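*Asks:* predicted model, plus sequence, below.
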Amino acid sequence: MLTPSKQKFVDIAAKIYGEGAILTRKQIYDVALENNIPKPTWIYKNKKNAYKVGYGKYQLPTDKVKVAEQPATPVEHTTVNLIATNMETQNLIPQKFDGFVSWG
């Protein structure tokens, strides 16, 4: 969702260049200067680079694209026991060693 000032720029630029057009920085500045609106730095200083399509080229955002929602498919949750033990069959008490010397 765009703010009203951003939407105003997008609407004016879309009338000139077309819906979803790819513009250079110079074209963006020219549209702003010709229509007495602030320079839209938000289009090229976006942290996610959502509008950048190439070096110095930016695509106008289009909010009119409708995305068909898919019903969520249920996911089976399987539990996995990550602890593998053999405590039932393993004896942890060592066998007697005949060569054991208690003094070292």
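*Replies:* Arrived safely, thanks for sending. Residues are numbered from 1 along each chain as shown.
*Asks:* and Y58, how far is that from V75?
*Replies:* Distance check for Y58 against V75: by CB to CB, to the nearest Å, it reads 38 Å. All C-beta spots, glycine's among them, are computed from the backbone N, C-alpha and C.
*Asks:* okay, the two: which has more neighbours?
*Replies:* Each of Y58 and V75 has its neighbours counted (other CB atoms under 10 Å); Y58 has more, 22 against 6.
*Asks:* which of the three states applies to that one?
*Replies:* Of the three states, Y58 takes strand under DSSP: H, G, I helix; E, B strand; the rest coil.
*Asks:* now it: how far from V31?
*Replies:* Taken as CB to CB, the span from Y58 to V31 is 12 Å.
*Asks:* spit out the residues that contact the two alike.
*Replies:* Common contacts of Y58 and V31, defined by CB atoms under 8 Å, 6 or more residues apart in numbering, comprise L23.
*Asks:* what comes into contact with the one helix or strand in the chain whose mean pLDDT sits lowest?
*Replies:* Every helix and strand of the chain was ranked by mean pLDDT, DSSP states H and E. The lowest is strand 52-54, at a mean of 88. Where contact means CB under 8 Å, 6+ apart, the residues beyond strand 52-54 that reach it are 22, 44, 46, 58-59.
*Asks:* max pairwise distance over these: which two?
*Replies:* Spanning the widest gap among these are I22 and N46, at 15.2 Å by CB to CB.
*Asks:* let me know the pLDDT of K57.
*Replies:* pLDDT, K57: 91.
*Asks:* I'd assumed I22 was in contact with it.
*Replies:* Yes. Between K57 and I22 there is a contact under CB atoms under 8 Å: 5.3 Å.
*Asks:* need the three-state assignment for the residue nearest in space to the middle of the chain.
*Replies:* Most central in the chain under CA atoms, centre = their mean is K48, positioned 8.2 Å from the mean C-alpha point. Reducing the assignment at K48 to three states with three-state DSSP gives coil.
*Asks:* show me what contacts it?
*Replies:* For K48, no contacting residues are found, by CB under 8 Å, 6+ apart.
*Asks:* so it versus I22, what's the distance?
*Replies:* To I22, K48 is 18 Å away according to CB to CB.
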